[in-house]
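Trainee: Here is the input, now give the coordinates:
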Amino acid sequence: MLLLAAAFLVAFVLLLYMVSPLISPKPLALPGAHVVVTGGSSGIGKCVAIECYKQGAFITLVARNEVVLCISVDLSQDYNHVENVIKQAQEKLGPVDMLVNCAGMSIPGKFEDLEVSSFERLMSINYLGSVYPSRAVITTMKERRVGRIVFVSSQAGQVGLFGYTAYSPSKFALRGLAEALQMEVKPYNVYVTVAYPPDTDTPGFAEENKTKPLETRLISETTSVCKPEQVAKQIVKDAIQGNFNSSLGSDGYMLSSLTCGMAPVTSITEGLQQVVTMGLFRIIALFYLGSFDNIVRRCMVQRAKSEGADKTA
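Mentor: Numbering: from 1, shown residues only. Below you'll find the predicted structure:
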């Protein structure tokens, strides 16, 4: 009886959500649209820009390194400067239809080994570097009743891992921003997407690997490294559809279901999948967490043995 009652309750809640007049956004047509990509001079951002260009969009790249109609700016320093940059782009190519916030970086390291300035820098670049451009375009999007805003987080923005005590919080913050912002702008036909890419073969990832602690590197090696073109295609596809969540691969799907919390869904099917898979995915997640803990423990023991051998030598 309890199972039957639970099933009816779930069905009732999902039915209420299904009949909401605000669900199922109309796909954004990219041909002729103005797409602004931050961090677009390399990596995922560059591939997102190329993918949108292939689909007929007009592209503005906002990055620290100059490439094509590219406006060079440090997104994390001054909101007024960022706002002026966005105005320049809109004067040349029209109102922004889609903003993709790709600018970001990682500084891996143990919590006690990282400089305090590293925490400040990552929060500034990864979080405020997305807040400022979004703030600059949101009013026009609401007025026009059309728009997409994409925040590129990370799988490390879904689960905290060894070595990412500075990086993970800055990416987790994007999720909170996205949920709150989506509730504000959804009635205006503006939709927010949060992307959670896995380790991706980019210049930033190569730079990060130079200073990764052994534990972080071993944990990262439990999954494969994706191509930025593959990640970019998925992000663009989900943004066009107005999907709140954008993930890649089986691990990405599992993490998104496990961490859905109070996140909005775009379809009744998505909501049902989350309800059905949550228990099974939690069991699998416990296995992953156990294996990660074992990696950390083995590294600690090995390091202690090495230090002991050095003292006796």
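
Trainee: so where is the stretch 51-200 of the chain shaky, pLDDT-wise?
Mentor: Residues of the stretch 51-200 of the chain meeting the criterion pLDDT under 70: 64-73, 75-77.

Trainee: Strands along that one, start to end?
Mentor: Counting by DSSP state E, counting those that start in this stretch, the stretch 51-200 of the chain has strands at residues 58-63, 70-72, 98-101, 147-152, 190-195.

Trainee: Could I get those in JSON lines, plus columns for distance to Tyr167?
Mentor: The C-beta positions use only the backbone N, C-alpha and C, and glycine is treated the same way. Shown next, in JSON lines, are the strands of the stretch 51-200 of the chain (distance: least, C-beta to C-beta, whole Å):
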{"stretch": "strand 58-63", "distance to Tyr167": "20"}
{"stretch": "strand 70-72", "distance to Tyr167": "25"}
{"stretch": "strand 98-101", "distance to Tyr167": "16"}
{"stretch": "strand 147-152", "distance to Tyr167": "13"}
{"stretch": "strand 190-195", "distance to Tyr167": "16"}
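
Trainee: any chance of those strands in JSON lines, with mean neighbour count and distance to Ala166 too?
Mentor: Putting those into JSON lines (neighbours: other C-beta atoms under 10 Å; distance: least, C-beta to C-beta, whole Å) gives the following:
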{"stretch": "strand 58-63", "mean neighbour count": "23", "distance to Ala166": "22"}
{"stretch": "strand 70-72", "mean neighbour count": "16", "distance to Ala166": "26"}
{"stretch": "strand 98-101", "mean neighbour count": "28", "distance to Ala166": "19"}
{"stretch": "strand 147-152", "mean neighbour count": "27", "distance to Ala166": "17"}
{"stretch": "strand 190-195", "mean neighbour count": "26", "distance to Ala166": "20"}
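
Trainee: nearest to Arg282, of those strands?
Mentor: strand 190-195 (21.1 Å; C-beta to C-beta).

Trainee: residue ranges with poor pLDDT in the stretch 201-313 of the chain?
Mentor: Using pLDDT under 70, the stretch 201-313 of the chain drops low at 310-313.

Trainee: how about the nearest residue to Val62 once chain neighbours are set aside, what does it touch?
Mentor: For Val62, ignoring the flanking residues on the chain, the nearest one in space by C-beta to C-beta, 6 or more residues apart in numbering is Thr38 at 4.6 Å. The neighbourhood of Thr38, defined by C-beta atoms under 8 Å, 6 or more residues apart in numbering, consists of 45, 62-63, 75, 99-103, 129-130, 133.

Trainee: from those residues, which single one is nearest Cys52?
Mentor: Checking those against Cys52 by C-beta to C-beta gives Val100 as the nearest, at 7.9 Å.

Trainee: Number of residues surrounding Ala263?
Mentor: For Ala263, the tally of surrounding residues (other C-beta atoms under 10 Å) stands at 16.

Trainee: what about it, is that helix, strand or coil?
Mentor: Here Ala263 is recorded as coil under DSSP: H, G, I helix; E, B strand; the rest coil.
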